[in-house]
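> Build the 3D model from these lines:
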Amino acid sequence: MCGIFGFLTFCTPLEREVILRRLVEGLQRLEYRGYDSAGLSFDSNGQPTVVKSRGNIAKLIEELDAVVEENGIDLKETIDTHVGIAH
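Below you'll find the model as predicted:
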């Protein structure tokens, strides 16, 4: 089984950290979505950033933290319009 969670804002300023937290929380609420893999995609510097991991959501969070650090993604940046998806 797979669950998909999307999050879109339009003219609603939010920090990127809040956006990513909402995507992860959305997955966590899909408790029985399956646990073989997880991933998410979000806007970052005008391009989509894709994060994938095998295993549970905790593994995805570890991978997300690594991608944010490696790419110097500013979690405090405020974004007016955003789209993200997680599975």
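> What segments of the protein are helices?
Using DSSP state H, the helices of the chain run over 16-29, 57-71.
> any idea which of those is most buried?
Highest mean neighbour count among those (mean count of other C-beta atoms under 10 Å): helix 16-29, with a mean of 17. Bear in mind the C-beta positions are built from the backbone N, C-alpha and C, glycine included.
> Can you tell me what sits against that helix?
Residues outside helix 16-29 that contact it (C-beta atoms under 8 Å, 6 or more residues apart in numbering): 3, 5, 7, 9, 33, 38, 40, 42, 44, 57, 60-61, 64, 68, 73-79, 82, 84-87.
> partner residues bridging residue 47?
Legend: beta-bridge partners of residue 47 under DSSP bridges are residue 44.
> That should have said residue 85, apologies.
With DSSP bridges as the rule, residue 85 is bridged to residue 6, residue 41.
> Can you report how many residues lie near it?
17 (other C-beta atoms under 10 Å).
> Might one say that it is in contact with residue 8?
No: between residue 85 and residue 8 there is no contact under C-beta atoms under 8 Å: 9.2 Å.
> for the chain, what are the low-confidence residue spans?
Within the chain, the ranges that satisfy pLDDT under 70 run 1, 31-35.
> and with 50 instead?
For the chain, no stretch has pLDDT under 50.
> Roughly how far does the residue lying closest to residue 64 once chain neighbours are set aside sit from residue 81?
Of all residues not flanking residue 64 in the chain, residue 51 sits nearest, at 4.9 Å (C-beta to C-beta, 6 or more residues apart in numbering). Residue 51 sits 21 Å away from residue 81, going by C-beta to C-beta, to the nearest Å.
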